[in-house]
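A.B. asks: any chance you can model this:
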Amino acid sequence: MANTQTKTVDVFKSVVYRIPALFYETESNTLLAFAEQRETEANCTAKELVMRRGTLKDESPGVKTIEWSELKTVVEKAKLDNYRPLNPCPVFEKNTKTLFLFFICVEDRVEEQWQIKNRTNKARLCYITSEDLGQNWSEVTDLTYTLGEIKNWATFAVGPGHGLQMKKGRLIVPVYAYVCSSSSKSNEATSYAFALYSDDRGSTWKLGQMLQTQSGECQMAEIFDGDSKSSIYCNARSRGGWRVEAVSENGGADFPTLSNATKLVETDSGCQGSVVSFPAQDEGAEGDPKWLLYTHPSNKSKRTDLGVYVSKSPKDPSKWSKPWIINSGPSGYSDLAYIGNGWFACLMECGVKKETEQIASVVFSYKDIKSGIGQ
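C.D. replies: Predicted coordinates:
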């Protein structure tokens with residue numbers, strides 16, 4: 001660890017766990033961690049979604065950790081017969097206090113690359129809900145056939161990682177899909193990120209327009225400028241050496257891509273990253289602006305050295321800070337939660353030899369980040 005004030009805690013370990021997702025509920029001070037349990041590292045061997053409940057603890061002055069409960073399977077309801085559940089993506093509806101856990105179900109043993117190559121979708125869009133923070137869950141809802149656009153996709157997935165609820169109430173789930181471009185001579189399927197959203201507290205869902213730039217696994221955050229105008233920021237995986245960044249001014253209905261996004265490196269063939277917004281930490285900030293926090297492996301060639309980056313100007317991709325390394329060595333997927341008062345929690349894939357050895361948690365403050373990046 002680059003900063004001795006932070007302490008990692010094992011969350012999912014002993015067998016193969018991948019694809020962390022994190023949710024924080026403010027009133028009860030409760031964290032929920034989700035992941036896929038697999039037979040091997042391959043995503044075609046995913047068996048079920050699992051979760052653990054976490055409580056924040058003050059380890060010592062200026063140091064917080066999370067105490068995690070025993071591992072629990074997210075009931076048999078989080079799957080369809082002969083399908084495997086993948087990509088947990090929690091989003092919370094604050095008015096009804098309903099937690100939606102989105103995920104995809106893919107026909108058993110069918111790999112994503114087979115779907116892309118054959119332009120044949122074997123994935124279904126599903127969610128379950130809980131009104132008691134994961135103690136009990138509803139039956140599964142399958143949205144696949146209510147959204148006509150899905151029939152035109154080679155395959156798709158949500159997140160992975162958390163969704164969000166806008167200040168005005170819209171629920172947003174990040175999505176990416178592989179589509180075949182009519183302009184492509186090879187008719188090769190290409191992935192694009194976009195938003196799935198609901199304006200009626202999750203009763204019905206709509207799909208926004210896809211980004212115009214090739215983009216994959218993604219996360220989104222609501223940001224505000226000095227005059228309290230809301231925008232949705234999207235950060236997505238790419239194959240171009242740099243992350244794809246986009247900002248929507250209409251609540252995720254479409255996402256114009258930000259140009260000159262060359263501060264956040266993409267790792268080799270790509271890796272998922274996480275992003276959250278949080279209140280500006282400058283006392284002199286006018287209005288109620290939001291900044292961005294982002295986590296992703298900082299190495300350009302391999303999944304190693306998980307970095308934390310800060311942007312005080314979310315619409316300007318040149319304003320990202322240099323990374324503070326919170327996990328030296330193998331590091332993969334991650335998910336962030338803002339837990340208030342300048343503090344953050346992060347779930348991350350990490351290990352000694354490979355990033356798929358375990359999923360661990362770490363809690364840190366904005367003061368830790370400033371110290372870590374030398375400000």
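A.B. asks: flag the shaky bits of the protein, pLDDT-wise.
C.D. replies: Across the chain, residues meeting the criterion (pLDDT under 70) sit at 1-5, 77, 181-186, 283-286, 375.
A.B. asks: can you give me the helices in it?
C.D. replies: Applying DSSP state H to the chain gives helices spanning 112-118, 366-372.
A.B. asks: return the most buried member of those.
C.D. replies: Among these, judged by mean count of other C-beta atoms under 10 Å, the one packed with the most neighbours on average is helix 366-372 (a mean of 18). From N, CA and C alone the C-beta is placed, and that goes for glycine too.
A.B. asks: which strands and helices sit next to that helix?
C.D. replies: Secondary-structure packing of helix 366-372 (3 or more C-beta pairs under 8 Å, 6 or more residues apart in numbering; DSSP states H and E): strand 304-311, strand 324-340.
A.B. asks: minimum distance to D225: which of those has it?
C.D. replies: Between D225 and the helices and strands packed on helix 366-372, the shortest gap by C-beta to C-beta is with strand 304-311, which sits at 12.7 Å.
A.B. asks: just to revisit the earlier point, mean neighbour count and distance to D142 added to the helices and strands packed on helix 366-372, as TSV?
C.D. replies: Below are the helices and strands packed on helix 366-372 laid out as TSV (neighbours: other C-beta atoms under 10 Å; distance: least, C-beta to C-beta, whole Å):
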stretch	mean neighbour count	distance to D142
strand 304-311	23	34
strand 324-340	23	24
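A.B. asks: those: which one's closest to V63?
C.D. replies: The stretch from the helices and strands packed on helix 366-372 with the least distance to V63 (C-beta to C-beta) is strand 324-340; that distance is 13.8 Å.
A.B. asks: just to revisit the earlier point, can I get the helices and strands packed on helix 366-372 in TSV with distance to E48?
C.D. replies: Shown next, in TSV, are the helices and strands packed on helix 366-372 (distance: least, C-beta to C-beta, whole Å):
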stretch	distance to E48
strand 304-311	26
strand 324-340	18
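A.B. asks: to R237, which of those lies closest?
C.D. replies: When those are compared for distance to R237 using C-beta to C-beta, the nearest one is strand 324-340, at 10.2 Å.
A.B. asks: and that closest one with strand 304-311, angle?
C.D. replies: With axes from the mean of the first three to the mean of the last three C-alpha atoms, to 10 degrees as the basis, strand 324-340 and strand 304-311 are set at 50 degrees to each other.
A.B. asks: mind listing what strand 324-340 pairs with, with the direction of each?
C.D. replies: Using DSSP bridges, the strands paired with strand 324-340 in its sheet are strand 304-311 (antiparallel), strand 343-350 (antiparallel).
A.B. asks: dump the residue contacts of N118.
C.D. replies: For N118, the contacting residues are A154, by C-beta atoms under 8 Å, 6 or more residues apart in numbering.
A.B. asks: show me what contacts I19?
C.D. replies: I19 makes contact with A35, E36, L86, N87, P88, P160, Y333 under the criterion C-beta under 8 Å, 6+ apart.
A.B. asks: try 6 Å
C.D. replies: By C-beta atoms under 6 Å, 6 or more residues apart in numbering, the contact list for I19 reads A35, E36, P160, Y333.
A.B. asks: related to what we said a few turns ago, so which of the strands paired with strand 324-340 is nearest T65?
C.D. replies: Comparing the strands paired with strand 324-340 by C-beta to C-beta, strand 343-350 comes nearest, at 9.7 Å.
A.B. asks: phi, psi for the most centrally placed residue in the chain please.
C.D. replies: With distances taken as C-alpha atoms, centre = their mean, the residue of the chain nearest its centroid is G161 (2.7 Å). When quoted as degrees, to the nearest 10, the phi and psi of G161 stand at phi 110, psi -170.
A.B. asks: you'd agree it is up against S274?
C.D. replies: Yes. Look at G161 against S274 with C-beta atoms under 6 Å: they come within range, at 5.3 Å.
A.B. asks: what touches both of the two?
C.D. replies: The overlap between the contact sets of G161 and S274 (C-beta under 6 Å, 6+ apart) consists of Q219, D335.
A.B. asks: residues near the nearest residue to F194 once chain neighbours are set aside, how many?
C.D. replies: The spatial neighbour of F194 that comes closest, neighbours along the chain excluded (C-beta to C-beta, 6 or more residues apart in numbering), is M210 at 4.4 Å. When counting by other C-beta atoms under 10 Å, one arrives at 20 neighbours for M210.
A.B. asks: what's the answer for N299, then?
C.D. replies: For N299, the number of neighbouring residues by other C-beta under 10 Å comes to 18.
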